[in-house]
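Student: the following comprises the amino acid sequence and a computationally predicted model.
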Amino acid sequence: MIRHAKLAAPWLALYAATSALAAPQPVDVRLSAAQPVLQGDVSVGVEVTVTNTSDRAVKILKSQLPSQHLQGPLFRVIKEDGSPAPYIGPLVKRAAPRAEDYVRLEAGAALTYHVDLTRHYELGNGRYTVEYLARNRHADEATLTSSAPLALWTSGRSMPAETVALAQPEAADITYTGGCTSTEKKKLVKAVNVATNYATESNAYLAGTPSGTQRYVKWFGAFSASRWNTVHTHFTNEENAFKTKPLTLDCSCNDKGVYAYVYANQPYKIYLCGAFWSAPMKGTDSKGGTLVHEMSHFTVVAGTGDWAYGQAAAANLAKSNPDKAVDNADSHEYFAENNPSLP
């Protein structure tokens, strides 16, 4: 999962706004498949057509378009038993969008993409329902989804190899990959210390008497004991991970529109990107907070998603959908950073 820089830190939403109006214009998303019935270990291809049905040009965020390499779960892939197919691609923390992060789609124009779902989702045998899913909102961008679900049938596929969990040494060692410089390594040590303190303080705070405190309600919404306990468990796991698990930090990503990203099923490796290095060590969207965000994505820690990016969108998510706020990585980061400070 990728954390994009402040124009948003992995991700699934189309960000659209008209060039002339503040209100987003209609964009239609349709799915199709040349082979809806597939046999054997073949690629499961889906065509995605994004059409501007308005009479004005619109701008769409590139990261929310289904290019060859997804940067978040842009699709909802549901098995016939109603359970989701696991997403195995990156989860990204994004920065706030810059002008170059958008593509312009003229009135009546369309963009078509071919996506191999097997590169991003764990697919077995049976019937699947596929939808294009809008999420990862930063502020007031358009919420866009496919106009109709697509049905796919697969059979004769090999079962995925069983993953055997390797014993992890109980030591908070840091390994560096991706050509980290000595200066970057020094900054990363400080950032890990800040993140560890954030997780420890948040865990201690949540260990107190559960109640609808200002800080909790701001980032996670209306109080309920079950949601409070869920968040408490998340931060208990985060503190334990930062203090006892071997952390791998990779410096190979240079994208200035991204803070960091991880693969949820590959703990505890975090890829740092361009926006991370220009972030403050502490405070809102900080280096330390970014590591808290990314750590929450790991399935063995909290398994969070990216439902909203940025403080404004995260605060609105807490009001509108507390269940999703409890599952939102940025909500965990802003709770931990607690800036401005709330009791």
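Tutor: Arrived safely.

Student: where do the strands sit along the stretch 1-150 of the chain?
Tutor: Taking DSSP state E, counting those that start in this stretch as the criterion, the stretch 1-150 of the chain carries its strands at 2-4, 16-18, 27-32, 37-39, 45-52, 58-61, 75-79, 90-94, 102-105, 110-116, 126-132, 150-155.

Student: and the nearest residue to Pro267 once chain neighbours are set aside, how many neighbours?
Tutor: Across the structure, with CB to CB, 6 or more residues apart in numbering as the measure, the residue nearest Pro267 apart from its sequence neighbours is Phe298 (4.3 Å). The way it works is simple: take the backbone N, C-alpha and C, and place the C-beta from them, glycine included. As a burial measure, Phe298 scores 25 neighbours (other CB atoms under 10 Å).

Student: give the contact list for Phe298.
Tutor: When contacts are counted by CB atoms under 8 Å, 6 or more residues apart in numbering, Phe298 touches 241, 262, 264-268.

Student: kindly report the same for Tyr271.
Tutor: Residues in contact with Tyr271, defined by CB under 8 Å, 6+ apart, are 2, 90, 178, 250, 252-253, 260-262.

Student: and if we set it to 6 Å?
Tutor: In this structure, Tyr271 makes contact with 250, 253, 260-261, judged by CB atoms under 6 Å, 6 or more residues apart in numbering.

Student: dump the C-alpha coordinates for the host helix or strand of Thr236 into CSV.
Tutor: Thr236 is part of helix 225-244 when elements are defined by DSSP states H and E. The C-alpha coordinates for helix 225-244 follow below in CSV (Å, rounded to 0.1, in the frame of the first residue of the first chain):
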residue,chain,number,x,y,z
ALA,A,225,-16.6,-0.2,22.9
SER,A,226,-16.0,-2.6,20.1
ARG,A,227,-14.4,0.0,17.8
TRP,A,228,-12.3,1.4,20.7
ASN,A,229,-11.0,-2.1,21.4
THR,A,230,-10.2,-2.6,17.8
VAL,A,231,-8.1,0.5,17.6
HIS,A,232,-6.5,-0.4,20.9
THR,A,233,-5.5,-3.8,19.5
HIS,A,234,-4.1,-2.1,16.4
PHE,A,235,-1.8,0.1,18.4
THR,A,236,-0.8,-2.7,20.8
ASN,A,237,0.4,-4.6,17.7
GLU,A,238,2.1,-1.5,16.3
GLU,A,239,4.0,-0.9,19.5
ASN,A,240,5.1,-4.5,19.6
ALA,A,241,6.1,-4.5,16.0
PHE,A,242,8.3,-1.3,16.3
LYS,A,243,9.9,-2.6,19.5
THR,A,244,10.5,-6.2,18.6
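
Student: average pLDDT for the next helix or strand after that helix?
Tutor: On the C-terminal side of helix 225-244, the nearest following helix or strand under DSSP H and E is strand 247-250. Per-residue confidence for strand 247-250 averages out to 97 on the pLDDT scale.

Student: list phi and psi for Val301.
Tutor: Main-chain dihedrals, Val301, degrees, to the nearest 10: phi -110, psi -70.

Student: let me know the pLDDT of Ser211.
Tutor: As summarised for this prediction, Ser211 has a pLDDT of 89.

Student: again, but for Lys62
Tutor: At Lys62, the pLDDT value in this model is 83.

Student: now this structure, which segments are flagged as low pLDDT?
Tutor: Residues of the chain that meet the criterion pLDDT under 70 lie in 1-25, 68-69, 134-144, 160-172.

Student: what residue of it is the furthest out?
Tutor: Taking CA atoms, centre = their mean, the residue of the chain most remote from its mean C-alpha position is Asp55, at 32.2 Å.

Student: contacting residues for the nearest residue to that residue once chain neighbours are set aside?
Tutor: Closest residue in space to Asp55, ignoring its immediate chain neighbours: Ala107 at 5.1 Å, by CB to CB, 6+ apart. Contact partners of Ala107, counting by CB under 6 Å, 6+ apart, are 52, 55-56.

Student: now do 10 Å
Tutor: Each residue near Ala107 by CB atoms under 10 Å, 6 or more residues apart in numbering is listed here: 25, 52-58.

Student: alright, calling it a day.
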